[in-house]
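Novice: Predicted structure and sequence below. I'll ask about it afterward.
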Amino acid sequence: MRHSIVRIGLFAGAAIMLAGCSSVDVNSLTPGFLSSPAPKPPPPEPEPPDIVPFIRGNLGMMFDTSAEPRNISVSQPRPGPDKRGWTACVRASVKAADGRRFGRRTWFIMISSGRIEDRRQAVPEDGCERETYQPV
């Protein structure tokens, strides 16, 4: 009885280790005919949006109406990560929820298929401080 439990345990362990050998992907060292093909990246967007009218038309997406944005300016669009879509930096002076006016804030936006896909406060890695801005 004890030997059969040990055998079952060894058999199960070997099966688990061999199961890892069955998954082959594009990063493995197997021959090309055995590996799965690399996923195709989506085609790059053809042209950057005309950024000033684009931001002007999407202010509702960028800011809450109670924020009362002022002195809005935007950088030129840059190709997005992996050449998908476009990114830009937007600066504005906005109000806080309690009505106090914040100083100038900067947001990093991602544009894809003619719409804002993501918007967040800019961080140094975004490079927004090195951009030149034009008023909206």
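Specialist: Right, received. Where do you want to start? Residues are numbered from 1 along each chain as shown.
Novice: the domain parsing of the chain - what is it?
Specialist: Taking automatic domain parsing as the criterion, the chain consists of the domains 1-40, 51-135.
Novice: From Ser112, how far off is Pro49?
Specialist: 10 Å (Cβ to Cβ, to the nearest Å). (C-beta placed from N, C-alpha, C; glycine too.)
Novice: Which parts of stretch 59-74 count as buried, going by neighbours?
Specialist: Met62, Phe63, Ala67, Pro69, Ile72, Ser73, Val74 (16 or more other Cβ atoms under 10 Å).
Novice: Leaving out the residues flanking it, which one is nearest to Met110?
Specialist: Asp118 (4.3 Å; Cβ to Cβ, 6 or more residues apart in numbering).
Novice: what's the average pLDDT for stretch 108-128?
Specialist: Mean per-residue pLDDT for stretch 108-128: 93.
Novice: just use 66 as the starting number from now, easier for me
Specialist: Right, with 66 as the first residue, what we last looked at is stretch 173-193.
Novice: Name the residues of it that come out as buried.
Specialist: Phe173, Ile174, Met175, Ile176, Ile181, Ala187, Asp191, Cys193.
Novice: Wait, a strand at the first one?
Specialist: Yes. The assignment for Phe173 is a strand, going by DSSP: H, G, I helix; E, B strand; the rest coil.
Novice: any idea how far Arg165 is from it?
Specialist: Using Cβ to Cβ, Phe173 is found at 24 Å from Arg165.
Novice: So which of the buried residues of stretch 124-139 sit within helices?
Specialist: In helices, judged by DSSP state H, the following of those are found: Met127.
Novice: Can you add distance to Val159 and pLDDT and give the buried residues of stretch 124-139 back as TSV?
Specialist: Converted to TSV, the buried residues of stretch 124-139 look like this (distance: Cβ to Cβ, whole Å; pLDDT from 0 to 100):
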residue	distance to Val159	pLDDT
Met127	10	89
Phe128	6	88
Ala132	4	88
Pro134	5	91
Ile137	9	95
Ser138	13	97
Val139	15	97
